[in-house]
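*Asks:* Quick one: sequence and predicted model below, then my questions.
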Number of protein chains: 2
Amino acid sequence: MVQEEREQMFEKPLTPSDVGKLNRLVIPKQHAEKHLPLGSDSGLLLSFEDEAGKAWRFRYSYWTSSHSYVLTKGWSRFVKEKRLHAGDVVLFERRRSAADRLYIRWKRRRGLLAPNTPAAAVTSPSPPPCPPGTLKYLSTSERVSERERERESVFLPMVRCGAGVGDEEAEMTRKTTKATPATLIKAKRVRLFGVNLDCAPEQ
Amino acid sequence: MVQEEREQMFEKPLTPSDVGKLNRLVIPKQHAEKHLPLGSDSGLLLSFEDEAGKAWRFRYSYWTSSHSYVLTKGWSRFVKEKRLHAGDVVLFERRRSAADRLYIRWKRRRGLLAPNTPAAAVTSPSPPPCPPGTLKYLSTSERVSERERERESVFLPMVRCGAGVGDEEAEMTRKTTKATPATLIKAKRVRLFGVNLDCAPEQ
DNA sequence: CTGGACACCTGTACA
DNA sequence: GTGTACAGGTGTCCA
């Protein structure tokens, strides 16, 4: 795959609620306001590309009741397909040369006993459905029902995932990206990150 | 009371959600589209008469997201006053000679052990607030709040209802009523069931 | 401030 | 496999 220069916007370690029945991801306010300005809109559809080139559309909005920015619609499908769990980390990136291209990546939670060991983390680019080399126990509630396994092929409660390993461990730079200040978002054409985007305004 | 010839449009066994906190009744699509055409309107106020002659106005609308027809505004008050529970059945009728006259009736759920026993069902016509001869325990969540008792007078957790019994068991014919095909609904004056109605368009 | 109304959303069942 | 129906939810608005 061609090397595209991307820069990380932010990352978030997933909470139990982020991967639970609430079907939403809370985006820390600081990151949301710096990188994903909502403007005056109540909601917005954003498209992120995963490591396989698959597009993921998420509804992005602000919940006044909880004063938080959230990804709602579409998020639960992502959680399911990627088999994300609490502690796993999602990373949001954008292409440096074209800020309208958004990317989403993920990595397994670092081992609790070796938090600084790079090898302890498994990232998304490999086989997305199941991280390689990990021994994972799926509780009954986590098991994928037979009827909607989508593209998965392993559904045993205890599965040993494929041997494919070796992935560039994303550099976890904490440096804040030099983001364009929040721009007013209107209708279909949106100026985001200083770039005009075609975002479908809801309804 | 004078014998008015009515015909049943449809009936629906209430689900827990229909009588719960969602404050809405889902009307099965087949029945909605056959008997309650919405036309191009997003919402409509329909007035139904109960067995006591009391008028009940419900907001009737279509939820595009779930592709379902629903009664919303006013429905929860009906559920409360009639003490409806999951499994109870609501019946929607119209007068044969004047299709603009809509009626709503209800009956208690049939006993699970004697599903074909007419006496096992209690219907609406008697004392509307509480079916006669029944000993009913209201859980805290079912209790009517002091603030919106409206016309009710009994609010004890455990109440023994009046002695009035004996009601004609409504014939549960499954025959589909020969309904007028959906007619375009516009503004205040509406053609419904082949009859012009004055329905207040919302907003 | 609270509850009702409202317009969304989703998992499941099923044809 | 895909789409439809709907039971069961959500946050937001507003009286």
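*Replies:* Structure received. Numbers count the residues shown, from 1 in each chain, chains lettered A, B, ... in the order given.
*Asks:* hey, let's count contacts and neighbours off CA atoms from now on
*Replies:* Noted.
*Asks:* Leaving out chain neighbours, which residue sits closest to the residue in chain A that DNA strand C sits nearest to?
*Replies:* DNA strand C sits closest to residue A:73 of chain A, with a gap of 3.0 Å, by CA to the nearest atom of the strand. Beyond its immediate neighbours in the sequence, the residue positioned closest to residue A:73 (CA to CA, 6 or more residues apart in numbering or on different chains) is residue A:59, lying 4.9 Å away.
*Asks:* The one you found touches residue A:48, doesn't it?
*Replies:* No: with contact defined as CA atoms under 8 Å, residue A:59 and residue A:48 do not form a contacting pair (11.0 Å).
*Asks:* how about the nearest residue to residue A:68 once chain neighbours are set aside, what does it touch?
*Replies:* Distance criterion CA to CA, 6+ apart; nearest residue to residue A:68, sequence neighbours excluded, is residue A:62 at 5.8 Å. Under the criterion of CA atoms under 8 Å, 6 or more residues apart in numbering or on different chains, the contact partners of residue A:62 comprise A:38, A:42, A:43, A:68, A:69, A:70.
*Asks:* Pass me the low-pLDDT residue ranges in chain A, would you?
*Replies:* Within chain A, the set of residues satisfying pLDDT under 70 comprises A:1-3, A:40, A:111-122, A:124-203.
*Asks:* Count the residues that sit near whichever residue of it sits closest to DNA strand D.
*Replies:* Nearest to DNA strand D, among the residues of chain A, is residue A:63, at 2.4 Å (CA to the nearest atom of the strand). Look at residue A:63: counted by other CA atoms under 10 Å in any protein chain shown, it has 13 neighbours.
*Asks:* Likewise for residue A:78?
*Replies:* The burial count for residue A:78: 16, using other CA under 10 Å.
*Asks:* Against residue A:27, how distant is it?
*Replies:* Here the distance between residue A:78 and residue A:27 works out to 15 Å (CA to CA, to the nearest Å).
*Asks:* before we move on, what about residue A:21?
*Replies:* Distance check for residue A:21 against residue A:27: by CA to CA, it reads 17 Å.
*Asks:* more crowded one of those two?
*Replies:* Between residue A:21 and residue A:27, counted using other CA under 10 Å, the more crowded position is residue A:27 (21 against 9).
*Asks:* May I have the phi/psi pair for the closest residue to residue A:91 other than its chain neighbours?
*Replies:* Nearest in space to residue A:91, with sequence neighbours left out and distances taken as CA to CA, 6+ apart, is residue A:11 at 4.2 Å. Per-residue torsions, residue A:11: phi -130, psi 160 (degrees, to the nearest 10).
*Asks:* wait, residue A:11 sits on residue A:103?
*Replies:* No: contact status for residue A:11 versus residue A:103: not in contact, 11.6 Å apart, counting by CA under 8 Å.
*Asks:* Overlap in contacts, those two.
*Replies:* Taking CA under 8 Å, 6+ apart as the contact rule, the neighbours common to residue A:11 and residue A:103 are residue A:92.
*Asks:* Give me the more crowded residue out of those two.
*Replies:* Ranked by neighbour count (other CA under 10 Å), residue A:11 and residue A:103 place residue A:103 first, with 23 against 19.
*Asks:* which residues does the more buried one contact?
*Replies:* Under the criterion of CA under 8 Å, 6+ apart, the contact partners of residue A:103 comprise A:48, A:49, A:50, A:51, A:92, A:93, A:94, A:95.
*Asks:* do the same with residue A:8
*Replies:* Listed by CA under 8 Å, 6+ apart, the contact partners of residue A:8 are A:91, A:92, A:93, A:94, A:177.
*Asks:* Among the residues you listed, which one is most surrounded by other residues?
*Replies:* The most neighbours, when those are compared by other CA under 10 Å, belong to residue A:94, which has 23 neighbours.
*Asks:* how far away is that residue from residue B:36?
*Replies:* Computed as CA to CA, the residue A:94 to residue B:36 distance reads 50 Å.
*Asks:* again, but for residue A:75
*Replies:* Looking at residue A:75 against residue B:36, where the rule is CA to CA, the gap reads 36 Å.
*Asks:* Brilliant, that's me finished.
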